[in-house]
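In: Sharing a sequence plus its predicted fold:
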Amino acid sequence: MSQPGIPASGGVPTSLQAQNGAASASGSPYTNGPVQNALMSSQVSVSQGYNSQLSGSYPHPIPAKTLNPVSEQPNYGDSQTVSPLSNYQGPGRTINRPPVASNPVTGSLHSGPVPRMPLPTSQNPAATPMPSGSFLRGANIPPPLNWQYNYPSTGSQTNHCPRASSQPTRSGNTNLTSHQYVSSGDPSLQNNFIKSGITSNTNNGSMVVHNSYDEIEGGGFLATPQLTNKNPTMSRSVGYSYPSLPPGYQNTAPPSTAGMPPSSLNYPSGPQAFTQAPFGASHLTASMSGLSLHQEGLRVVNLLQERNMLPSTPLQPPVPNLHEDIQKLNCNPELFRCTLTSIPQTQALLNKAKLPLGLLLHPFKDLVQLPVVTSSTIVRCRSCRTYINPFVSFLDQRRWKCNLCYRVNDVPEEFMYNPLTRVYGEPHRRPEVQNATIEFMAPSEYMLRPPQPPVYLFVFDVSHNAVETGYLNSVCQSLLDNLDLLPGNTRTKIGFITFDSTIHFYSLQEGLSQPQMLIVSDIEDVFIPMPENLLVNLNESKELVQDLLKTLPQMFTKTLETQSALGPALQAAFKLMSPTGGRMTVFQTQLPTLGVGALKPREEPNQRSSAKEIHLTPSTDFYKKLALDCSGQQVAVDLFLLSGQYSDLASLGCISRYSAGSVYYYPSYHHQHNPVQVQKLQKELQRYLTRKIGFEAVMRIRCTKGLSIHTFHGNFFVRSTDLLSLPNVNPDAGYAVQMSVEESLTDTQLVSFQSALLYTSSKGERRIRVHTLCLPVVSTLNEVFLGADVQAISGLLANMAVDRSVTASLSDARDALVNAVIDSLSAYRSSVLSNQQPGLMVPFSLRLFPLFVLALLKQKSFQTGTNARLDERIFAMCQVKNQPLVYLMLTTHPSLYRVDNLSDEGALNINDRTIPQPPLLQLSVEKLSRDGAFLMDAGSVLMLWVGKNCGQNFLSQVLGVQNYALIPQTMTDLPELDTPESARTIAFISWLRDQRPFFPILYVIRDESPMKANFLQNMVEDRTESALSYYEFLLHIQQQVNK
């Protein structure tokens, strides 16, 4: 079936940061629901508060020759059948890509064997294999040396960012330089998409295919070769001088505007040539005025003398050094942030800094406020398909210049009217140009088929092992409780499959008095009995669904079946869902033992840390291939693994990774022996079942000409060089991309990144969520270091290290992490510091870099020692690749607070609740005292350690016990006592829990408690059996840097 089109919302890879936190939803978790305040005439519905951006679907004819004028007609029908694979060479347009010598686009993006990348590379996305030495310390050898800097050499092909006019038709997909994304470099897989009915002819690269999505979204640069000269006025120097005024306007305003607020600038009459004053000295100072504010940032810190650099309040991302008028419109860093908030002018400068350049996104985050535009005109650049945004420039009322490719575009008539102010002739005040995060209701041309209904299929393991854990009771009860809260509408469909050594389907046809079970015992050749009654309309068959959920837990209590035919059950589920797409939720409790996809135990407890490649890589490609088939049919698979023994998550996890699903892991789940896991599963299932969801989505990241994206991290399949296929998108998933500077940015003062996510809401609306981030370009190494975002850098390195662990080895990944610190600090010492002082000198922006890298080395993904079970390590790696940065940092470097003396001083007031804000402490035992109580927030777990001599007040007023000896060994809840101390402590813990989509269990720990070892393991500044203390690590770094 042709793929539901999802115009990838962004077109050129531009940045992806999501917008001002302010954000999105209609209300809270943004139910994808009704448009907010639909505004009068042009119906822009805006829920104020954001920087808006228009997504221009604006049918600007695309430069003439392109094969399939995407933008002219977004094509929806089938003409664009998706070429699922990564083959897709760019929307048809690529046909006339002018010969771009530097990167021979091998026509066969898809077909030929993609350069060999170790198959499993952890996700098809990030697959660029790094040379083995990579992360290695390597002095200044250019890119390839260190993983992070291993950008394709300039000019290299991967540009996922379509480049702008200068190289016209680089249709989005330009060349995939090597592996990069194509399904992880596994040629065989690439084509296996094909069978899913997505015609994808790859005739030798001659490309008859139009990737449907791609076309819709309007892929890369469709510009025709001559484009650049079409407008002589648009000479290169032009777009680079940005107005210093509000982002989108020229500063050619007539004198009369002097005293008016910038946004009310008049436009010069008539199309004046670009008299935009280049940033002269005066403007530059205005734009760089931030530098004077960064006194702290310019400070050089000697870490051996100033070890306590951890701030007492949560670390904030650095603010880009932009003119305040531009910065106030910028994207919220929670949605979109860059590792360097000052972009180096050239790749040589970036290589010299030895810091990785990349973006971290949280594109579908629940937002409190999100402007929604319902106008039928989505304004986009005719050349690179960028959505109009706050950082474009208006040359006059009728023309705007793209901030990514610098093409001058016409302002469509409908865009001249501002529905918010009801004034004509103010295109610069439209919500699209005032909000960096905005959502568009997409017209029909953004669809390849009618929007799909929400479809939810649940697949349950009912073998003896599964029944023994008691998980069915919890899951069925959660489903019953939340059935009416599943996102959807009158078209919502639901179905159930259970399996042991056979597969059981349930007919829920309207009119039956009770659900009917159909058993298929032939697992070698699975077929679907009565396909029309197995996925049913939830509203019409609700009573049968409720009956089934009430009886399922009892149906298998006496089972003696110990086998698990997971593979055949997944094949059956895939066949059932293929016609529509949707979400498949799979519960598994053991290693699959029968049929396709059967696995054998591979864990050897005494070799847990040897990180032999076979342990971290899948033992079969069955799950990956099936995931790619699922992705082709718009099905995402979420895996809930509830298992006490080894279940080979390295293999099973592929089913979710490549289909854009998620993995949930509950080790040692048991309804009686491990009740806290039951509570965790119920809370997380409630969030999972009721959070918003986007179906048949695609995402594209575009960036200013000269920058290119070369590696993606996250759960998805890369359909063309820069188009991510997301059969489902959820608000709890994060993504990361690595970038390089492909062409010098010397004429450019600002660069922008734009992510566009095209999806179908649970209400059946096609929507496009766009985030745009703008950053300054700098020419000195000192400025690059000054703008470094240490959390984003650590998050991107963690993603790269997971890939390195899988493609090389765990020890290689650890070495690369350490070398990342040594290399960047060596570069700083040799190229920026004028006088070489003793000690370990670092720029203030990187004062926490060694600490965060040491924390990563002790994190479950990368730690050595035999206390990490293999599945737990693999799960930690899955989390690194799929979690938004804020949660990744919390699990890497937990927060420690003293809580026996909480007060209302500095407290937050939220919904009439007072939330204490105790200061953060360093993660070292020296910060603990036996007469206090300390709470550690490690993301997925909260540990409250109570000292032996803790005050009686805390014991009785918070824990409700009379003395230390009476604290229960397995206390996981605090009693709600009628005391101010109890109220403050509970309010603080609840507040921490409310901020995340997963449920951290609370453990109260006494001195002799078995959990104490876990608590101490997270004290990253202290020495452990297999890892250095922070001070020892600093000495090691200093020794290497000063060599």
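Out: Everything's here; your move.

In: burial of T490, as a residue count?
Out: T490: 11 surrounding residues under other C-beta atoms under 10 Å. Any C-beta I mention is one placed from the backbone N, CA and C, and that applies to glycine too.

In: With the one 4 residues further on instead?
Out: For I494, the number of neighbouring residues by other C-beta under 10 Å comes to 25.

In: Equivalent analysis for the one 5 residues further on, please.
Out: Look at F499: counted by other C-beta under 10 Å, it has 32 neighbours.

In: Also Y456?
Out: Y456 has 22 nearby residues by other C-beta under 10 Å.

In: From T498, how far out is M517?
Out: For M517, the distance to T498 equals 8 Å [C-beta to C-beta, to the nearest Å].

In: what's the overlap in contacts for those two?
Out: Residues touching both M517 and T498 by C-beta atoms under 8 Å, 6 or more residues apart in numbering: 504, 506.

In: So M936 sits against L896, correct?
Out: Yes - M936 is within contact range of L896, at 5.1 Å (criterion: C-beta atoms under 8 Å).

In: More neighbours: which of these two?
Out: With neighbours defined as other C-beta under 10 Å, M936 and L896 compare such that L896 has more, 26 against 22.

In: any idea which helix or strand carries that one?
Out: Using DSSP states H and E, L896 sits in strand 895-898.

In: who touches G839 in this structure?
Out: Neighbours of G839 in contact, by C-beta under 8 Å, 6+ apart: 302-305, 1038.

In: Okay, and which of the residues you listed map to helices?
Out: Q1038 (DSSP state H).

In: Specify which member of the contacts of G839 is nearest to D410.
Out: L303 (54.9 Å; C-beta to C-beta).

In: out of M517 and T498, which sits in the more crowded spot?
Out: A side-by-side neighbour count of M517 and T498, using other C-beta under 10 Å, places T498 first with 24 against 14.

In: For the more buried one, give me phi and psi.
Out: phi -120, psi 160 (degrees, to the nearest 10).

In: now swap in Q509 and tell me
Out: phi -60, psi 140.

In: Grab the nearest non-local neighbour of it.
Out: N533 (3.9 Å; C-beta to C-beta, 6 or more residues apart in numbering).

In: returning to that earlier point: show me what the strand holding L896 is packed up against.
Out: strand 933-937 (3 or more C-beta pairs under 8 Å, 6 or more residues apart in numbering; DSSP states H and E).

In: Who does the next helix or strand after the strand it packs on pair with, and is each partner parallel or antiparallel?
Out: Tracing the chain C-terminally past strand 933-937 and defining elements by DSSP H and E, one meets strand 941-946 next. Here strand 941-946 is paired, per DSSP bridges, with strand 933-937 (antiparallel), strand 1001-1005 (parallel).

In: hey, which of those is tucked in deepest?
Out: strand 933-937 (a mean of 23; mean count of other C-beta atoms under 10 Å).

In: In CSV, list the C-alpha atoms belonging to it.
Out: The C-alpha trace of strand 933-937 is given here as CSV (Å, rounded to 0.1, in the frame of the first residue of the first chain):
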residue,chain,number,x,y,z
ALA,A,933,19.0,12.2,55.4
PHE,A,934,19.9,12.6,51.7
LEU,A,935,17.8,12.0,48.6
MET,A,936,19.4,10.9,45.4
ASP,A,937,17.4,11.4,42.2
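
In: How far off centre is that strand?
Out: Distance of strand 933-937 from the chain centroid (C-alpha atoms, centre = their mean, to the nearest Å) equals 29 Å.

In: average pLDDT for that strand?
Out: When pLDDT is averaged along strand 933-937, the result is 98.

In: what does it rub up against?
Out: 890, 894-900, 921, 927-928, 942-947, 950, 954, 958, 988-989, 992, 1000, 1015, 1018.

In: try stretch 779-787
Out: Under C-beta under 8 Å, 6+ apart, the answer for stretch 779-787 is 291, 294, 297-298, 318, 320-321, 340-342, 344-345, 349-350, 352-353, 355, 746, 776, 778, 827-828, 831-832, 843, 845-846.

In: Which parts of it count as buried, going by neighbours?
Out: 781-787 (16 or more other C-beta atoms under 10 Å).

In: Pull the most distant pair out of these.
Out: Among these, L781 and G787 lie farthest apart (C-beta to C-beta), at 11.3 Å.

In: Closest one to T557 out of the contacts of G839, please.
Out: Among the contacts of G839, and counting by C-beta to C-beta, the member closest to T557 is L303, at 60.0 Å.

In: need the contact list for the closest one.
Out: With C-beta under 8 Å, 6+ apart, L303 has these contacts: 309, 839-842, 847, 850, 1034.

In: Same question for V899.
Out: Contacts of V899 (C-beta under 8 Å, 6+ apart): 918, 933-935, 944, 985, 988.

In: Show me which pair in the contacts of G839 is furthest apart.
Out: Top of the distance list for the contacts of G839 (C-beta to C-beta): Q305 and Q1038, 11.5 Å.

In: tally of neighbours for P675?
Out: Counted with other C-beta under 10 Å, P675 comes out at 12.

In: Okay, it and M1011: tell me how far apart.
Out: From P675 to M1011 the distance is 15 Å (C-beta to C-beta).

In: ok so, going back, now, of the contacts of stretch 779-787, which are buried?
Out: Looks like those have 294, 297, 318, 320-321, 340-342, 344-345, 349-350, 352-353, 355, 776, 778, 827-828, 832, 843, 845-846 buried, using 16+ other C-beta under 10 Å.

In: what packs against the helix or strand containing S824?
Out: In this structure, S824 sits in helix 810-831 according to DSSP H and E. Applying 3+ C-beta pairs under 8 Å, 6+ apart, one finds that helix 810-831 contacts helix 347-353, helix 781-786, helix 790-807, strand 841-843, helix 849-858, helix 1030-1041.

In: Which stretch among the ones you listed approaches V886 most closely?
Out: Nearest of the helices and strands packed on helix 810-831 (C-beta to C-beta): helix 790-807, 8.5 Å.

In: Which helix or which strand is home to W991?
Out: Counting by DSSP H and E, W991 is found in helix 980-994.

In: For that helix, give me every contacting residue.
Out: 897, 899, 902-904, 908, 910, 913-916, 918, 935, 937, 942, 953-954, 957-958, 960, 974-976, 999-1000, 1002.

In: Isn't L775 up against Q749?
Out: No - between L775 and Q749 there is no contact under C-beta under 8 Å: 10.3 Å.
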